[in-house]
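Engineer: I'd like to go over a predicted model; first the sequence, then the structure.
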Amino acid sequence: MTVEKTPLEGCLLIKPRVFKDERGSFFESYNHQVFQKETGLHLEFIQDNQSISQRGALRGIHLQTGAHAQTKLVRVVQGEVLDVAVDLRKKSPTFGKTYATILNDENNHQLLIPKGFGHGFITLSNNAIFAYKCDNYYHKASEAGVIYNDPSLNIDWMLPKEELILSEKDQELPSLEKFRS
Ligand SMILES: Cc1cn([C@H]2C[C@H](O)[C@@H](COP(=O)(O)OP(=O)(O)O[C@H]3O[C@H](C)C(=O)[C@H](O)[C@H]3O)O2)c(=O)[nH]c1=O
């Protein structure tokens, strides 16, 4: 696997080595030893999540705060999403800055979303199976987030507004400014 830095400190783009033959393809979606060696990070992922979304479904921008903050290693098992990491670390020089990349079942790319980052994605394929590893357990009371279309984030979600499908919760998330205050 190769590991590429992004403009946001700690947010890494990970490209696994894919073996293809006449039957199809194979790759190690996670190897603890290789991950530690290539990233230099000593993380212990303790919860795996999976969500299935239809085209236009936009989940985010979410994070857990404080002692329950999570590092996430995210990927697409099937389909395609635009995945977005938002630096919400209040003392970071890149606070409010975003990094977006296409994750799909062709490139098999993964994104490492550090603690303190907001995370969201929009589903671009008819359906998408999204899987990710977390280094801290779900803790509802620690959930926070920022509204997906905050103008100061300037995220191009690629689909027209009328195609977007959001949860009630996500439609009521605060602005970046409110999150920061
Ligand atoms: C995240 C989570 C949720 N749940 C329950 C809570 C709700 O009853 C139901 C759906 O939760 P929610 O609507 O928050 O799911 P998503 O919108 O996919 O949330 C995720 O979306 C973005 C992209 C993220 O990065 C986060 O991991 C996570 O916030 O699953 C659990 O039981 N455990 C969990 O770890």
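Structural biologist: Received, thanks.
Engineer: Now do the SS call for the residue minimising distance to the centre of the chain.
Structural biologist: Geometric centre of the chain, nearest residue: His119, 4.6 Å, by Cα atoms, centre = their mean. Assigned with DSSP: H, G, I helix; E, B strand; the rest coil, His119 falls in the strand class.
Engineer: how about it, what does it touch?
Structural biologist: Applying Cβ atoms under 8 Å, 6 or more residues apart in numbering, we find His119 in contact with Gly60, Ile61, His62, Leu63, Lys72, Val74, Asp83, Val84, Ala85, Val86, Ile113. Every C-beta, even on glycine, is put in place using the N, C-alpha and C of the backbone.
Engineer: Spatially nearest residue to the fifth one (excluding sequence neighbours)?
Structural biologist: This means Lys72. Ile113 (4.3 Å; Cβ to Cβ, 6 or more residues apart in numbering).
Engineer: Contact partners for the one you found?
Structural biologist: By Cβ under 8 Å, 6+ apart, the residues touching Ile113 are Cys11, Thr71, Lys72, Leu73, Val74, Ala85, His119.
Engineer: Tell me the one of those nearest Leu166?
Structural biologist: Proximity of those to Leu166 (Cβ to Cβ) peaks at His119, which lies at 14.8 Å.
Engineer: So for the helix ranked longest in the chain, could I get the coordinates as PDB, restricted to C-alpha?
Structural biologist: The longest helix of the chain (DSSP state H) is helix 32-39. Taking Å, rounded to 0.1, in the frame of the first residue of the first chain, the C-alpha atoms of helix 32-39 are listed here in PDB:
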ATOM      1  CA  HIS A  32      -2.300  -3.800  11.100                       C
ATOM      2  CA  GLN A  33       1.500  -4.400  10.700                       C
ATOM      3  CA  VAL A  34       1.700  -2.800   7.200                       C
ATOM      4  CA  PHE A  35      -0.600   0.100   8.300                       C
ATOM      5  CA  GLN A  36       1.700   0.900  11.300                       C
ATOM      6  CA  LYS A  37       4.900   0.600   9.200                       C
ATOM      7  CA  GLU A  38       3.600   2.700   6.300                       C
ATOM      8  CA  THR A  39       1.800   5.400   8.300                       C
END
